[in-house]
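J.: Kindly generate the corresponding structure for this input.
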Amino acid sequence: PVKVFCEDRVYRRESIDSTHLPEFDQLEGIVMDVDVSFRELLGCLSEFYRRIGFPHARFRPGYFPYTEPSLEVEVRFGGRWIELGGAGIFRREVTAPIGIKYPVLAWGLGVGRLAMIKLGLSDLRALYSPDIDWLRRYPLSETE
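T.: Numbers count the residues shown, from 1 in each chain. Presented below is the predicted three-dimensional model:
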């Protein structure tokens with residue numbers, strides 16, 4: 001088995017709104033093994049989100065051009081469901097040309113969305129505000 005986890009800067013064509021930006025940070029996970037399946041992807045995601053503090057996760061069908069099947073992950077927080085990321089199994093036409101013979105599970109978590117939850121924000125764009133007074137209202141740690 002191969003397991004890779006990293007944090008990357010992502011750029012994509014995206015309409016800007018309160019929860020989407022064309023440039024953002026993403027925590028990614030990739031698992032490849034001989035017989036991994038969609039069922040194992042759901043198990044990995046459930047465990048991953050539980051370990052970062054979200055014991056209640058649900059999955060709904062989604063579309064991503066490089067994975068099939070694909071899904072979006074929502075977590076329960078503050079009495080509502082919030083989308084935190086996407087996942088799927090890489091399509092064979094993506095993996096075969098580079099010699100990968102086994103299924104590859106993949107997921108991405110938008111780090112900015114985690115910050116929104118932590119800081120109680122309703123608009124992702126506020127994280128990039130140059131307003132120094134806004135920044136002073138959010139200390140670097142809970143002890144400050």
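
J.: Show me what the top helix by length along the chain is packed against.
T.: The longest helix of the chain (DSSP state H) is helix 38-51. In terms of contacts (3 or more Cβ pairs under 8 Å, 6 or more residues apart in numbering; DSSP states H and E), helix 38-51 is packed against strand 23-32, strand 57-61, strand 67-77, strand 80-90, strand 104-110. (C-beta placed from N, C-alpha, C; glycine too.)

J.: Next, the angle from the fourth one to strand 57-61.
T.: If I follow you right, that is strand 80-90. 60 degrees (axes from the mean of the first three to the mean of the last three Cα atoms, to 10 degrees).

J.: What strands line up against strand 80-90, and which way round?
T.: strand 67-77 (antiparallel), strand 104-110 (antiparallel) (DSSP bridges).

J.: Most tightly packed of these?
T.: Mean neighbour count (mean count of other Cβ atoms under 10 Å) peaks for strand 104-110 among the strands paired with strand 80-90, with a mean of 22.

J.: mind putting the helices and strands packed on helix 38-51 in CSV, mean pLDDT included?
T.: Shown next, in CSV, are these (pLDDT from 0 to 100):
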stretch, mean pLDDT
strand 23-32, 89
strand 57-61, 95
strand 67-77, 94
strand 80-90, 91
strand 104-110, 93
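
J.: about what we covered before: show me what the longest helix of the chain is in contact with.
T.: 29, 31, 55, 57, 59, 69, 73, 75, 84, 87-89, 105, 107 (Cβ atoms under 8 Å, 6 or more residues apart in numbering).

J.: got those residues as TSV, with distance to residue 98 columns?
T.: Output for the contacts of helix 38-51, formatted as TSV (distance: Cβ to Cβ, whole Å):
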residue	distance to residue 98
29	19
31	17
55	37
57	31
59	27
69	21
73	26
75	33
84	29
87	20
88	17
89	16
105	16
107	20
